[in-house]
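Student: just coords:
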Ligand SMILES: Nc1ncnc2c1ncn2[C@@H]1O[C@H](COP(=O)(O)OP(=O)(O)O)[C@@H](O)[C@H]1O
Ligand SMILES: O=P(O)(O)O[C@H]1O[C@H](CO)[C@@H](O[C@H]2O[C@H](CO)[C@@H](O)[C@H](O)[C@H]2O)[C@H](O)[C@H]1O
């Protein structure tokens, strides 16, 4: 490995103190900062590794810091901090600030991922399977990484941060990090072992042992070149007044391929009365918490609760369900279509708001299906004017595609499907209220429909190929 990467130091004591005022201001503004709405009251250092010497022209620190948000315990974040005398204009958007005192006094610190050199350092460490301080850069021995791939930071709105290398690989660096097995690495590795072609197989990853706990900090995967995500494609078709049912059906097939591979390779369990009680109790609890957080939900709470009660009633009659590992946060933005027309599923991290333990629990596959059904509805209701007929055709085609591969049509289980969709719509209301208040009306409109409907099961599966049913403009 290169000379520059080989120098590792633990943090000097004053490092975090000198960065503290700058990070307090900068961190809460980041899209991936999970603790929005509560001020950061301080930082504690979990780990510091100097990847490029800070007394050189360009320094680079890898930090894991806990952002205290008293009185609640704060989250831990992975930061890559570049250090320079001054920032060239092209790096202006990456500025964190000018350090006043401490070991970096007089220097400028910035978000290093915007800068090609620090990004190259990470890829080089993965390529050479470096061990730097507590950071373990590991690679699938059967996959090669060519040296010298040119990095560029992905600028899309993300929960984490990604760098594309030469259109060959994409490295996702997790931002809010928690100890334990991370499904974003665990599930794609399991699917790769199973030979599932719908998920890019991890090439390399960054792990760390921090304060005695194991962490996954990043995953490098093949980059699907020229791909568009399902959300962009759906909006494009909607804007043209075009049907998306053919793609929705292909997405249903891809989802079923992933589910069947996961069920083959990882344990499945039967959910009986007790587990179902726990599951519905969780749904009701999330509803209660959501109505506290978002008062606009309150009028709909009784209608939404009755959906969960219908599920509890089925369980009480002795109905059981099979649960397995699932994607956990499936929506159109997590699906990539290659120029050759193949669909890939990405981002197996699960819902960021849930604990790692919850995200790794086996779930009914209808959880993911509900996520995608919601996503068609999201696209249709973010269009102007809303296009519920378009969403209906996509939802039907998606279920049909799923049934073709798995042998199970999701619509034959309407009570659980409706409960999962309702739970997801409630999650989305909270997510939007916290991250994108302008979008709140989209899941709220679904909540209104789900609460006002009397819970009658959806109509039987419609034909696979229906003509474009986008509602004409009123
Ligand atoms: N293997 C890949 N090939 C091409 N683009 C990808 C790949 N993985 C992710 N992306 C792009 O990067 C974006 C962010 O990836 P994602 O895993 O969803 O991150 P996050 O967890 O931060 O939301 C995706 O929306 C997609 O556009
Ligand atoms: O992709 P992430 O893991 O960051 O997921 C989070 O953000 C998503 C938005 O970017 C959010 O998805 C919601 O909005 C989508 C449109 O932007 C829509 O397609 C999804 O159906 C809807 O849930 C997701 O919920 C959140 O976890």
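Tutor: Cool, the structure landed. Because the structure is a prediction, the values reported are computed rather than measured. Residues are numbered from 1 along each chain as shown. Ligands and ions are numbered 1, 2, ... in the order given.

Student: Residue 111 versus residue 125, what's the distance?
Tutor: 19 Å (Cβ to Cβ, to the nearest Å). Any C-beta I mention is one placed from the backbone N, CA and C, and that applies to glycine too.

Student: What residues sit buried inside stretch 216-236?
Tutor: Within stretch 216-236, the residues scored as buried using 16 or more other Cβ atoms under 10 Å are 216-221, 223-224, 227, 229-231, 233-235.

Student: Is residue 79 in a helix, a strand, or coil?
Tutor: strand (DSSP: H, G, I helix; E, B strand; the rest coil).

Student: partners of it in the sheet?
Tutor: Counting by DSSP bridges, residue 79 is bridged to residue 63.

Student: So what's the residue count around it?
Tutor: Residue 79: 22 surrounding residues under other Cβ atoms under 10 Å.

Student: tell me the contacts of it?
Tutor: Going by Cβ atoms under 8 Å, 6 or more residues apart in numbering, residue 79 touches 23, 61, 62, 63, 64, 65.

Student: For those, work out which two are farthest apart.
Tutor: Across the contacts of residue 79, no pair lies farther apart than 23 and 62, at 14.6 Å, counting by Cβ to Cβ.

Student: the more surrounded of the two?
Tutor: Per other Cβ under 10 Å, whichever of residue 23 and residue 62 has more neighbours is residue 62, with 28 against 22.

Student: so how far is ligand 2 from that one?
Tutor: From residue 62 across to ligand 2, the span is 23 Å (Cβ to the nearest ligand atom, to the nearest Å).

Student: Leaving out sequence neighbours, find the closest residue to that residue.
Tutor: Once flanking residues are discounted, residue 62 sits nearest to residue 49: 4.5 Å by Cβ to Cβ, 6 or more residues apart in numbering.

Student: In the one helix or strand that neighbour maps to, which residues are buried?
Tutor: Applying DSSP states H and E as the criterion places residue 49 in strand 42-52. Buried positions in strand 42-52, judged by neighbour count with 16+ other Cβ under 10 Å: 43, 45, 46, 47, 48, 49, 50, 51, 52.

Student: show me what contacts the first one?
Tutor: Think residue 43. Under the criterion of Cβ under 8 Å, 6+ apart, the neighbours of residue 43 are 16, 19, 20, 23, 24, 65, 66, 67, 68.

Student: For ligand 2, state which of these is nearest.
Tutor: residue 67 (19.0 Å; Cβ to the nearest ligand atom).

Student: okay, the angle between the helix or strand containing the closest one and strand 42-52?
Tutor: Here residue 67 sits within strand 59-68, counting by DSSP H and E. Angle between the axes of strand 59-68 and strand 42-52 is 160 degrees (criterion: axes from the mean of the first three to the mean of the last three Cα atoms, to 10 degrees).

Student: Save the contacts of residue 43 as a markdown table, and put in pLDDT and distance to ligand 1 too.
Tutor: Compiled in a markdown table, the contacts of residue 43 are given as follows (pLDDT from 0 to 100; distance: Cβ to the nearest ligand atom, whole Å):
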| residue | pLDDT | distance to ligand 1 |
| --- | --- | --- |
| 16 | 92 | 25 |
| 19 | 96 | 24 |
| 20 | 95 | 26 |
| 23 | 97 | 20 |
| 24 | 95 | 23 |
| 65 | 96 | 19 |
| 66 | 95 | 21 |
| 67 | 96 | 18 |
| 68 | 94 | 24 |
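
Student: Go ahead and build a ChimeraX selection from the buried members of the residues you listed.
Tutor: The buried residues among the contacts of residue 43 can be selected in ChimeraX (16+ other Cβ under 10 Å) with this line:
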select :16,19,23,65,67,68
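
Student: Relative to residue 167, how far out is the residue of the stretch 151-300 of the chain found nearest ligand 2?
Tutor: In the stretch 151-300 of the chain, no residue comes nearer to ligand 2 than residue 159, which is 3.5 Å away by Cβ to the nearest ligand atom. To residue 167, residue 159 is 23 Å away according to Cβ to Cβ.

Student: what about these two, which has more around it?
Tutor: More crowded of residue 159 and residue 167, by other Cβ under 10 Å: residue 159, with 17 against 13.

Student: list the contacts for the more buried one?
Tutor: Residue 159 neighbours (Cβ under 8 Å, 6+ apart): 31, 32, 175, 349, 352.

Student: give me that answer again for 6 Å
Tutor: Counting by Cβ atoms under 6 Å, 6 or more residues apart in numbering, residue 159 touches 32, 352.

Student: And residue 328, by the same measure?
Tutor: Residue 328 makes contacts with 350, 359, as judged by Cβ under 6 Å, 6+ apart.

Student: At the contact with ligand 2, which residues of the stretch 151-300 of the chain appear?
Tutor: Residues of the stretch 151-300 of the chain lying near ligand 2 by Cβ under 6 Å from any ligand atom: 159, 231.

Student: Dump the buried residues of strand 42-52 into TSV; add distance to residue 421 and pLDDT as well.
Tutor: As requested, the buried residues of strand 42-52 are exported to TSV (distance: Cβ to Cβ, whole Å; pLDDT from 0 to 100):
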residue	distance to residue 421	pLDDT
43	39	94
45	42	93
46	38	93
47	40	94
48	44	94
49	44	95
50	48	95
51	45	96
52	48	96
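
Student: Output the residues you listed in a markdown table, with distance to residue 199 appended to each entry.
Tutor: Supplementary listing: these in a markdown table, determined by distance: Cβ to Cβ, whole Å:
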| residue | distance to residue 199 |
| --- | --- |
| 43 | 36 |
| 45 | 35 |
| 46 | 30 |
| 47 | 30 |
| 48 | 34 |
| 49 | 30 |
| 50 | 35 |
| 51 | 30 |
| 52 | 33 |
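
Student: Just the closest of those to ligand 2, please.
Tutor: Nearest to ligand 2 out of those is residue 46 (Cβ to the nearest ligand atom; 23.2 Å).

Student: So that closest one sits against residue 63, correct?
Tutor: No - counting by Cβ atoms under 6 Å, residue 46 does not reach residue 63; the two are 8.1 Å apart.

Student: What ranges does the stretch 101-250 of the chain have for its helices?
Tutor: All helices of the stretch 101-250 of the chain, identified by DSSP state H, counting those that start in this stretch, fall at 116-127, 183-193, 230-239, 245-265.

Student: So the residue lying closest to residue 371 once chain neighbours are set aside: helix, strand or coil?
Tutor: Counting by Cβ to Cβ, 6+ apart, residue 371 lies nearest to residue 330, which is 4.0 Å off, once chain neighbours are set aside. On the three-state scheme (three-state DSSP), residue 330 is labelled coil.

Student: check contacts around residue 330.
Tutor: Residue 330 sits next to 368, 371, 372 when contact means Cβ under 6 Å, 6+ apart.

Student: Can you flag the buried ones in those?
Tutor: Those of the contacts of residue 330 that meet the buried threshold are 368, 371, 372, by 16+ other Cβ under 10 Å.

Student: near ligand 1 at all, the helix or strand hosting the first one?
Tutor: Assessed by DSSP H and E, residue 368 sits inside helix 366-382. No - contact between helix 366-382 and ligand 1, assessed by Cβ under 6 Å from any ligand atom, is absent, since the two come no nearer than 13.1 Å.

Student: in the sheet, who's paired with residue 176?
Tutor: Taking DSSP bridges as the rule, residue 176 bridges to residue 77.

Student: ok, it - how many residues close by?
Tutor: Residue 176, neighbours per other Cβ under 10 Å, totals 17.
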